[in-house]
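S.K.: Below are the sequence and a predicted model for it; my questions follow.
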Amino acid sequence: MIIWIVLAVIVALLVAVAIYDLVQDQHAVLRNFPIIGHLRYLMEAFGPELRQYIVTGNEVEQPFNRNQRRWIYNSAKEENTYYGFGTDVSIDTVSQHLIIKNASFPRDAPSRPALLPAAKVLGQARGRAKALRAPSVVNISAMSFGSLSGAAIEALNRGAAMAGVWQNTGEGGLAPQHSLGGELVYQIGSGYFGCRTPDGRFDLDRLVALTDQQPIRAIEIKLSQGAKPGVGGVLPGAKVTPEIAAIRGIEPGRDCVSPSNHSAFSDVSSMVDFVEEIAAATGLPVGIKTAVGDLGLFEDLATLMANEDRGVDFITIDGGEGGTGAGPLVFVDHVALPFKVGFSRVYRIFAEAGITDDVVFIGSGKLGLPSNAVLAFAMGCDMINVAREAMMSIGCIQAQRCHTGRCPSGVATQSPWLTRGLDPDAKSVRAANYLEGFRYEMARLSRACGVLHPSQITLDHLEFLERGVYSTPAQEIFSYQPGWGVPSLADQEALERLMTR
């Protein structure tokens, strides 16, 4: 009799836990996997001990290790982001470990939330009618509705509005979930989704209508991305719901293919003509996004812009380590240069042409961590975009099931069952917390280096440590000349006025 009473109590407790899991809105995994999901959090709680004695260290996992993910999660939840008892990095054995050189007389600590507008005015150099200064140097990178769930897009857009950042729509067009308060960068891919004719060609009139109706602040023409450079993209038919099909202007239930090349242009000159046509019709700043392989594109573009009165307003460089879009393994592992190499080569081309002040440089590819972002700004980035880190802030657990449609946290899926676990109300706050926390960390690092803003950090502030003994100045590694990588004096003075008024 006692056994049956005990079993009944256990069952009742499990039922109560299951009910609670289903109705709470803080944890998508628990809503989708009641009771069982607690095992994940239990293992996570004991993770450091298990890895220390049995499995792996906090710095081992890829693409984001445990310490990096924990920093993102804690920032999103406004929990403690301090780490005790020293670094987990094996400094005596690791290669190319970034060292940020603190100033002997640092600037005063920043207030929170930190105000970090962009140093350059986007579109000013080319006289765009709607040129403007981005209110934040940190923004949300291109992730399409389709690749991500509607709930995830909604959470990111509302979080963007709270944090005062821009959200890039991705190439999948503009969904209703993009129109909930967050300002946008509208991305145009080779499929021209959302601004295409019935036969798949670019439709300028549709684009102009969109920019008139929505809070679009810039337009980005996507040439390629780090996850799958040179192969275009495919959204599997299982993810192409009627809603997504209507937004993209395609048939539901069929694979949605983005070609490798654009039909609207075929070389640098015609690409710039395309940019200028869009800028003239919309008044908005227009730029390009690409991963870096062959440098001919950038050499030809820099030469054209140095000698003619036409060009792009910004260039977004995506590192080969970028990964929000699934791709063939060989492309993921071996195609396109990593950010540090690719961006430095591109920046050098424009610096040698003397036109870096005419272009806003944006970086992406695992830059949503403070140390990576500091290096990006020191190399000449004016802004950075974050993608996977933003996904983690709203619940992504790095399950690496993005390409299957079975994302357990409801972020990268169109399954109604899995998506219901992601509550946009709760997750939008976490996205905003992460973005604001990241900006604050960047402000603290800048002032520790003796400057006011991340764009004022130079490669002179950085070194790379080799096995705990040998160190090489970053300036020497990237062969930058004095003055490269920082905004003009006028832009820096404008920043000082903005941030100290």
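M.R.: Received, thanks. Numbers count the residues shown, from 1 in each chain.

S.K.: how close does His27 get to Lys427?
M.R.: Here His27 is placed at a distance of 10 Å from Lys427 (Cβ to Cβ, to the nearest Å). For every residue, glycine as well, the C-beta is placed using N, CA and C.

S.K.: Now do the shared contacts for the two.
M.R.: By Cβ atoms under 8 Å, 6 or more residues apart in numbering, His27 and Lys427 have these common neighbours: Gly395.

S.K.: Correct me if wrong, but Tyr186 is in a strand.
M.R.: Yes. Remark: Tyr186 belongs to a strand, assigned using DSSP: H, G, I helix; E, B strand; the rest coil.

S.K.: partner residues bridging it?
M.R.: Beta-bridge partners of Tyr186, counted by DSSP bridges, are Ile219.

S.K.: need the contact list for it.
M.R.: Residues near Tyr186 by Cβ under 8 Å, 6+ apart: 169, 174, 194, 207, 210-211, 214, 216, 218-220.

S.K.: So for stretch 7-24, mean pLDDT?
M.R.: Over the span of stretch 7-24, the pLDDT mean works out to 84.

S.K.: can you check stretch 139-154 too?
M.R.: Confidence for stretch 139-154, expressed as mean pLDDT, is 91.

S.K.: got the end-to-end distance for that stretch?
M.R.: By Cα to Cα, to the nearest Å, the extent of stretch 139-154 from end to end equals 15 Å.

S.K.: next one: that stretch to chain centre, how far?
M.R.: Taking Cα atoms, centre = their mean, to the nearest Å, the mean C-alpha location of stretch 139-154 is offset from the chain mean by 11 Å.

S.K.: How about stretch 429-441?
M.R.: 13 Å.

S.K.: quick one, which of His27 and Lys427 is more surrounded?
M.R.: Shown here are His27 and Lys427; by other Cβ atoms under 10 Å, Lys427 has more neighbours (27 against 20).

S.K.: and that one, helix, strand or coil?
M.R.: On the three-state scheme (three-state DSSP), Lys427 is labelled helix.

S.K.: Hmm, it is touching Gly395, no?
M.R.: Yes. With contact defined as Cβ atoms under 8 Å, Lys427 and Gly395 form a contacting pair (6.0 Å).

S.K.: Tell me which stretches of the stretch 1-150 of the chain form strands.
M.R.: Assigned by DSSP state E, counting those that start in this stretch, the stretch 1-150 of the chain shows strands spanning 97-100, 121-122, 132-133, 138-140.

S.K.: Residues touching the second one, excluding its own?
M.R.: Contacting residues not belonging to strand 121-122 are listed as 131-134, 217-218, 285, 313-314, 360, 491 [Cβ under 8 Å, 6+ apart].

S.K.: Which two of those have the greatest separation?
M.R.: By the measure Cβ to Cβ, Arg217 and Asp491 form the most distant pair in these, at 18.6 Å.

S.K.: gap between Thr256 and Arg439?
M.R.: One correction, residue 256 is Cys, not Thr. According to Cβ to Cβ, Cys256 and Arg439 sit 34 Å apart.

S.K.: Ok, Ser471 next?
M.R.: 29 Å.

S.K.: The two: who's more crowded?
M.R.: Legend: neighbour count by other Cβ under 10 Å for Ser471 and Arg439, higher for Arg439 (25 against 11).

S.K.: Run the chain-centre distance for the host helix or strand of that one.
M.R.: Arg439 is located in helix 424-448, with elements delineated by DSSP states H and E. On the basis of Cα atoms, centre = their mean, helix 424-448 sits 13 Å off its chain's mean C-alpha point.

S.K.: Pull the number of nearby residues for Leu498.
M.R.: Leu498 is flanked by 15 other residues according to other Cβ under 10 Å.

S.K.: ranges for the strands of the stretch 401-501 of the chain?
M.R.: Using DSSP E, counting those that start in this stretch, strands in the stretch 401-501 of the chain cover 462-466, 470-473.

S.K.: among these, which is the most enclosed?
M.R.: Compared across the strands of the stretch 401-501 of the chain, strand 462-466 shows the largest average neighbour count, a mean of 18 (mean count of other Cβ atoms under 10 Å).

S.K.: what residues does that strand touch?
M.R.: Outside strand 462-466, the residues touching it (Cβ under 8 Å, 6+ apart) are 91, 94-101, 374-375, 378, 471-474, 477.

S.K.: and those, which are buried?
M.R.: With burial judged by 16 or more other Cβ atoms under 10 Å, the buried subset of these is 97, 100, 374-375, 378, 474.

S.K.: Mind picking the two most distant members of those?
M.R.: The most widely separated members of those, counting by Cβ to Cβ, are His97 and Ala378 (15.6 Å).

S.K.: quick one: low-confidence parts of the stretch 151-300 of the chain?
M.R.: Counting by pLDDT under 70, the stretch 151-300 of the chain has low-confidence residues at 225-233.
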